[in-house]
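**Q** My questions are about this predicted structure, shown below with the sequence.
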Amino acid sequence: MPVLFFLPWVATREEIQLGNMRLVPYVRGEAPGELHGVAQGVLDGIFGSYGNQAFHHSRTSAHVTHSTIITWENDAERSDLSDEQITSRLEMANYLAFSALSQRRFCSLYEYCNSDGYQVVAQRFSEDRPGDTTLTTRRRDGRGQHFVGSSEIPKLIRPQHVDGRLTLSVDATLAIALLGLPDGKLKKRISEAIDVFLRANTDSSTMQERSELVLMRVAFETLLDSSHDTPGLRRCFRKHFQAELPVKPTWATGSLSEARWRTRWPKNVERPLDAWVQDFSAARNAAAHGPHGESEPSVWQRHNHLLFSSWLFPLMVKKLLAVEGMYELQEEDVVARRGFEAFFAHDLLAFADGEERDLWWNRVERNLLLSVYANALFSASEDDDDDDTEADKSG
C-alpha cells in the first residue's frame, strides 16, 4: 500500500524544498489537486480523519483545512515503502521538527511551537477507501492496532496544547544541514539526541517536568558522547564551549549571586557553566530518584533548567554541524554561545520589574542580543543611504 507523510497540524502557503525533501501545501478540496498520481479526493479522504474541535453547538469537530504534505525526490506514483524506509523518513522528519523548535521564541506570544505541533504522520492508504486507516500504538508487551473508519467525521483531534494557527516556520539552512549528514557516528549521535530532545519538548500535560528533565540530561549526554557521571558531563560541556566563553569567568549580578552558586557547589567550579552543569545534574537526580535523589535542593528550580536547556541544546547542535563545515553559525548564535552564562544570575520566569511586564528571561536575552539588533539596524540604515545615493544620481 502507498504511504502519505504529512504534518496534520501545520499549514504552509507555498512549496518549500529542503534538500531532497519537499513540503507541499494541502488545502481541503483545493490543493495540491493531484500528487504522484493520487487525486485530491483521495487526499481529502486521508486528511478527513484529522480535525480541530468545533465551537458550533451541533458539531464536536471540524476537518483540518490546511496542512502540509511531505514528499521526497525519488518518490514514484503510488510507491510502497518498507517499514525500514518509513522509519528512515520519520527520522528525517525529526530534523524538520527540530529546525522549527531551534528558532522558537520563549516567553513570547508569537514564534513559539512544540514538538507535538510538528508531529509527522506516515499513513498507509487504499485509494478506494482512503479514510480507513489503522493506528499502531505501543504496548508494554509489543504493540496494538486500532481501526479508524469513515473520515466523514474527524476522529483524530488536534491536541489543545498545539496552536491551532500553527504555520510552517523552520530554519531551512539547519534542516538542510541535518538532512545532508553522512552516515556515521556523528549522525547517529545527533539523530538520537534530537529524538530525545523532541520527546522532552511536547508541552503535553501527560509528560511531567521530572520526566522531561531526565530526557534532557539524556539528550545532552548523547549529543556530547559523555559518560553518565556528572564530572564527565561537566568536562564535555567545558570542551564544547572552551573556544567561545571568556577566558576570565564573569558572574552576572542578580538574585542568584556567585556566592549563592558556590555555597551550593563549593567544589569543581571554575566558571558559571560548571556550577550549572552540577546543578542541572542534581535536579535530574532528584527527578529520577525521587525521595532518594539529591538531599539539598538545586539552585535553579526545574522550570529554569528546562527552559534554559531547551534553548541551549539547538545552539550546541549547530556548533557540531559548523565544525563539520555543514552549517554557518549566525551572529545571533555566536553572541548567545558566548554570553549565555548571564542567565544563571536569575530566576528566569520571575518578573524583572515591579509592574510585572518583563521576565528575567526576556531581559537577559534582549541584553545579550543588543549588539545583533544594533548591527541589523546599522546595516538597514546603510542600505537606505545607498538607495538615496542611487536616487540622487538618477535625479
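**A** Now that the structure is in, tell me what you want to look at. Quick caveat, the model's predicted, so the values are computed rather than measured. Numbering: from 1, shown residues only.

**Q** first to last residue in stretch 144-156, what's the distance?
**A** By Cα to Cα, to the nearest Å, the extent of stretch 144-156 from end to end equals 17 Å.

**Q** again with stretch 21-37
**A** Terminal-residue distance, stretch 21-37 (Cα to Cα): 18 Å.

**Q** which residues sit against that stretch?
**A** Stretch 21-37 is contacted from outside by 6, 11-17, 40, 43-44, 47, 63-73, 75-79, 92, 96, 168, 175, 179, using Cβ atoms under 8 Å, 6 or more residues apart in numbering. In this view, the C-beta of every residue, glycine as well, is placed from N, C-alpha and C.

**Q** Stretch 254-269 too?
**A** Outside stretch 254-269, the residues that touch it by Cβ under 8 Å, 6+ apart are 231, 234, 251, 272, 274-275, 278-279, 296, 298-300, 344-347, 350, 360.

**Q** Send me it as CSV with only the CA atoms.
**A** Only the C-alpha atoms of stretch 254-269 are listed here, as CSV (Å, rounded to 0.1, in the frame of the first residue of the first chain):
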residue,chain,number,x,y,z
GLY,A,254,21.3,39.1,40.2
SER,A,255,19.3,37.4,42.9
LEU,A,256,21.3,34.3,42.4
SER,A,257,24.8,35.5,43.0
GLU,A,258,28.2,33.8,42.6
ALA,A,259,28.2,33.3,46.4
ARG,A,260,24.8,31.5,46.2
TRP,A,261,26.1,29.1,43.5
ARG,A,262,29.4,28.5,45.2
THR,A,263,27.7,27.8,48.6
ARG,A,264,25.7,25.0,46.9
TRP,A,265,28.6,23.9,44.7
PRO,A,266,31.9,24.6,46.6
LYS,A,267,34.0,22.2,44.5
ASN,A,268,34.9,21.8,40.9
VAL,A,269,33.5,25.1,39.9
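
**Q** got the buried residues for that stretch?
**A** Residues of stretch 254-269 classed as buried by neighbour count (16 or more other Cβ atoms under 10 Å): 254, 256, 258, 260, 261, 264, 265, 269.

**Q** picking up where we left off before, whichever of the contacts of stretch 21-37 end up buried, select them in PyMOL.
**A** To isolate the buried members of those in PyMOL, using 16+ other Cβ under 10 Å:
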select buried, resi 6+11+12+16+40+43+44+47+63+64+66+67+68+69+70+71+75+92+96+168+175
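
**Q** List the ones among the contacts of stretch 21-37 that fall in helices.
**A** Among these, the members falling in helices (DSSP state H) are 40, 43, 44, 47, 92, 96, 175, 179.

**Q** which among these gets closest to residue 314?
**A** The closest of the ones in helices among the contacts of stretch 21-37 to residue 314 turns out to be residue 175 (Cβ to Cβ; 11.9 Å).

**Q** From residue 100, how far off is that closest one?
**A** 9 Å (Cβ to Cβ, to the nearest Å).

**Q** and if you look at residue 143?
**A** 28 Å.

**Q** If you count surrounding residues, which of those two has more?
**A** residue 100 (23 against 8; other Cβ atoms under 10 Å).

**Q** pLDDT on the helix or strand encompassing the more buried one, on average?
**A** Secondary structure assigned from DSSP states H and E places residue 100 in helix 83-101. In this model, helix 83-101 has an average pLDDT of 95.

**Q** now that helix, how far from the centre of its chain.
**A** Relative to its chain's centre, helix 83-101 lies at 12 Å (Cα atoms, centre = their mean, to the nearest Å).

**Q** what's that helix in contact with?
**A** Taking contacts as Cβ under 8 Å, 6+ apart, the residues outside helix 83-101 that touch it are 3, 5, 18, 21, 23, 70, 72, 81, 113-115, 118-120, 122, 168-172, 174-175, 178-179, 191, 194-195, 197-198, 201, 310, 314, 317.

**Q** Give me the distance between the residue most central in space within the chain and residue 339.
**A** What sits nearest the mean C-alpha location of the chain, by Cα atoms, centre = their mean, is residue 101, with 2.6 Å. Noted for residue 101: a distance of 21 Å to residue 339, by Cβ to Cβ.

**Q** ditto for residue 107
**A** Residue 107 is 17 Å from residue 339, by Cβ to Cβ.

**Q** now do residue 265
**A** 21 Å.

**Q** Skipping adjacent residues, who's closest to residue 198 in space?
**A** residue 115 (4.1 Å; Cβ to Cβ, 6 or more residues apart in numbering).

**Q** show me what contacts the one you found?
**A** Going by Cβ under 8 Å, 6+ apart, residue 115 touches 97, 101, 198, 199, 201, 202, 203.

**Q** Which one of the residues you listed is nearest to residue 289?
**A** Closest to residue 289, out of all of these and judged by Cβ to Cβ, is residue 199, at 20.1 Å.

**Q** Could you tell me the per-residue confidence at that closest one?
**A** On pLDDT, residue 199 comes in at 97.

**Q** got a list of what it touches?
**A** By Cβ under 8 Å, 6+ apart, residue 199 lies in contact with 115, 207, 215.

**Q** mind redoing it with 7 Å?
**A** Residues near residue 199 by Cβ atoms under 7 Å, 6 or more residues apart in numbering: residue 215.

**Q** That one and residue 17, how far apart?
**A** Distance of residue 199 to residue 17, given as Cβ to Cβ: 28 Å.

**Q** ditto for residue 93
**A** Distance from residue 93 to residue 17, counting by Cβ to Cβ: 15 Å.

**Q** for residue 243, same thing?
**A** Remark: distance between residue 243 and residue 17 (Cβ to Cβ) = 34 Å.

**Q** what's the answer for residue 354, then?
**A** With Cβ to Cβ as the criterion, residue 354 and residue 17 are 50 Å apart.
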